[in-house]
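**Q** quick one, structure for this:
(one chain, ligands or ions: 1)
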Amino acid sequence: MKLESIQAAERKLLLNTYERNPVLFVEGHGVYLRDEQGNDYLDLLSGIGVSALGYAHPAVEAAIVAQSKRLLHTSNLFFHEHSAELALRLTEMSGLDRVFFCNSGTEAWEAALKLARAHAGVLRAEGKTIGTRFLAMEHSFHGRTMGAVATTHKEKYREPFAPVMPDVEFVRFNNVADLRAKFSSEVCGICVEAIQGEGGIHPVSQEFFTAARELCDSTGALLLADEIQSGMGRTGKWFAYQHYEILPDVTTLAKPIANGLPMGAMLCTDEAARAFSPGMHGTTFGGGPLACAVAIAVIDTMKQSNLLTHICDVGGYFKQQLELLQQRHDCVTEVRGKGLMLGIELDSADLAAKAASEMMARHIIINRTSETVLRFLPPFILEREHVDIAIAALDEILTRLVATSAALAGQAPAGEHSHG
Ligand SMILES: Cc1ncc(COP(=O)(O)O)c(C=O)c1O
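**A** Numbering: from 1, shown residues only. As a prediction, the model looks like this:
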């Protein structure tokens, strides 16, 4: 089927949940995706932070082939060869003790919320005073299921589904005074993204993260760090919280963990894990042999090829180039992020939308989030030469878009200076 017929069929047959770009991808190699006409696209988004090793990576392919010949599914009623093997790697990487596997980010987050409520119940049964409320952050994003949307700040994700899970209060991001004012023994969990992704690539401050850790320690509430977008090495450390030397009680992973096969994981301390017993929580597919085998291959490949160091190197170069771009264009108001989780703030939502779509027209995939932010979540195997291609394109596009809008407004393009 060709793009037009697929578009027509989807319009009729699918729920209207996505405004897709009019592109039909048929294959991918390395950091490039190929459309049905044979055009290659430089992918700086990796399926929203998923395809960590890029496309058609031999280690991923080999793990899929080998495991699919042996066993795809067992259910969680039986053992298989790979879940403990993967859990060992994840616990060593994270500093946490135990893992619950599932199939997506929102499911991992849902498990984290349920664990925090159940853990508070255990503490109450032991005579402690602790309630059921969550503190979540303004501009947070945790997924699309009912608990996840309840802790997600943007109203458009919550309001149509009201009433969502009660007992959630939003704290002004990085505002320690607001956090302290809203925290009490009624709180069973504080929800944080070390770097807010959908919220526009905003890192949590050391002071705020430390305060959240201390407040949780003071009552037994759990510190929940959502690393679904920032984890698995994206920021140059396995978990973004490791930049802060803070250990949360619970963290969540998904997106890149199995390089595109659906998988999520909730990791926690032994203390928090006390709250779950058989039957309280579960999943049919989660942690199946295929997804686990692929995740092991992803982690082992990342370790063997020293990808964390590579991410720091290429990510540092990318950020530096974005900062130089900012010096050349007044419309770039801020450069944020770590490793290969980067964003630039533009001074207008319209400009950001046009810049993202012009990049697409030049076959470079980026994404606009939070209206004014251009976001870059490339595969971890990105090289400096790819950064140079993207920066050169952005440079030209921003120059032209600003000049065009200045011409339309009948004025000279202010603040756009020449290179150097
Ligand atoms: C921080 C964060 N949490 C949760 C999710 C939800 O993950 P999923 O779409 O796999 O359910 C996302 C997805 O963008 C995310 O970025």
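
**Q** make it CA atoms for all contacts and neighbour counts henceforth
**A** Will do.

**Q** what does the stretch 51-200 of the chain have sitting close to the ligand?
**A** 104-106, 141-143, 197-198 (C-alpha under 6 Å from any ligand atom).

**Q** make it 8 Å
**A** 103-109, 140-145, 148, 193, 196-198 (C-alpha under 8 Å from any ligand atom).

**Q** take these and keep only those in helices.
**A** Applying DSSP state H to these, the entries found in helices are 105-109, 148.

**Q** pick out whichever of these sits closest to M263.
**A** G105 (7.7 Å; C-alpha to C-alpha).

**Q** next, count neighbours for the closest one.
**A** 27 (other C-alpha atoms under 10 Å).

**Q** go on, H243?
**A** 14.

**Q** repeat that for E396.
**A** 10.

**Q** what pLDDT does the model give it?
**A** Note for E396: predicted pLDDT of 98.

**Q** could you do A409 as well?
**A** For A409, the pLDDT comes out at 87.

**Q** from the ligand, how far out is it?
**A** Per C-alpha to the nearest ligand atom, to the nearest Å, A409 is found 37 Å from the ligand.

**Q** in the lengthiest helix in the chain, what counts as buried?
**A** As assigned by DSSP H, the longest helix anywhere in the chain is helix 384-408. Buried residues in helix 384-408, counted by 16 or more other C-alpha atoms under 10 Å: 386-387, 390-391, 393-395, 397-399, 401-403.

**Q** cool, and stretch 176-187?
**A** 176, 179, 183-187.

**Q** farthest-separated two in those residues?
**A** It's V176 and E186 that sit farthest apart of these, by C-alpha to C-alpha, at 18.0 Å.

**Q** tell me the one of the buried residues of helix 384-408 nearest I246?
**A** Nearest member of those to I246, counting by C-alpha to C-alpha, is V387, at 31.2 Å.

**Q** assign a three-state SS to the closest residue in space to the closest one that isn't next to it in sequence, would you?
**A** Excluding the flanking residues, the one nearest V387 by C-alpha to C-alpha, 6 or more residues apart in numbering is F318, at 6.0 Å. For F318, the assignment made with DSSP: H, G, I helix; E, B strand; the rest coil gives helix.

**Q** now do Q229
**A** Using three-state DSSP, the structure places Q229 in coil.

**Q** enumerate the positions of stretch 62-75 that are buried.
**A** 63-64, 67, 73.

**Q** scratch that, stretch 6-13
**A** So for stretch 6-13, counting by 16+ other C-alpha under 10 Å, buried means Q7.

**Q** pLDDT of the one helix or strand V294 maps to, averaged?
**A** Using DSSP states H and E, V294 sits within helix 289-304. Mean pLDDT, helix 289-304: 98.

**Q** if you count contacts, what does the helix or strand harbouring A212 end up packed against?
**A** With elements taken from DSSP H and E, the one containing A212 is helix 206-219. Helices and strands touching helix 206-219, by 3 or more C-alpha pairs under 8 Å, 6 or more residues apart in numbering; DSSP states H and E, are helix 176-182, strand 187-192, strand 222-226.

**Q** kindly calculate the angle that it makes with strand 222-226.
**A** 140 degrees (axes from the mean of the first three to the mean of the last three C-alpha atoms, to 10 degrees).

**Q** what's in contact with helix 206-219?
**A** 129-130, 174-176, 179-180, 183, 185, 189-190, 221-223, 244, 246, 248 (C-alpha atoms under 8 Å, 6 or more residues apart in numbering).

**Q** now that helix and strand 187-192, what's the angle there?
**A** Angle, helix 206-219 to strand 187-192, by the same axes, to 10 degrees: 160 degrees.

**Q** can helix 206-219 be said to contact the ligand?
**A** No - against the ligand, helix 206-219 shows no contacts by C-alpha under 8 Å from any ligand atom, the least distance being 16.0 Å.

**Q** point out where the protein drops to low pLDDT.
**A** 1, 412-420 (pLDDT under 70).

**Q** sorry, back to before: let's have the helices and strands packed on helix 206-219 in a markdown table, adding distance to G28.
**A** Shown next, in a markdown table, are the helices and strands packed on helix 206-219 (distance: least, C-alpha to C-alpha, whole Å):
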| stretch | distance to G28 |
| --- | --- |
| helix 176-182 | 45 |
| strand 187-192 | 34 |
| strand 222-226 | 29 |
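
**Q** which among the ones you listed is found nearest to I6?
**A** strand 222-226 (35.2 Å).

**Q** now do that closest one: everything it contacts.
**A** For strand 222-226, contacts defined as C-alpha under 8 Å, 6+ apart pick out 109, 112, 116, 142, 188-194, 212-213, 216, 241, 248-253, 272.

**Q** many thanks, have a good one.
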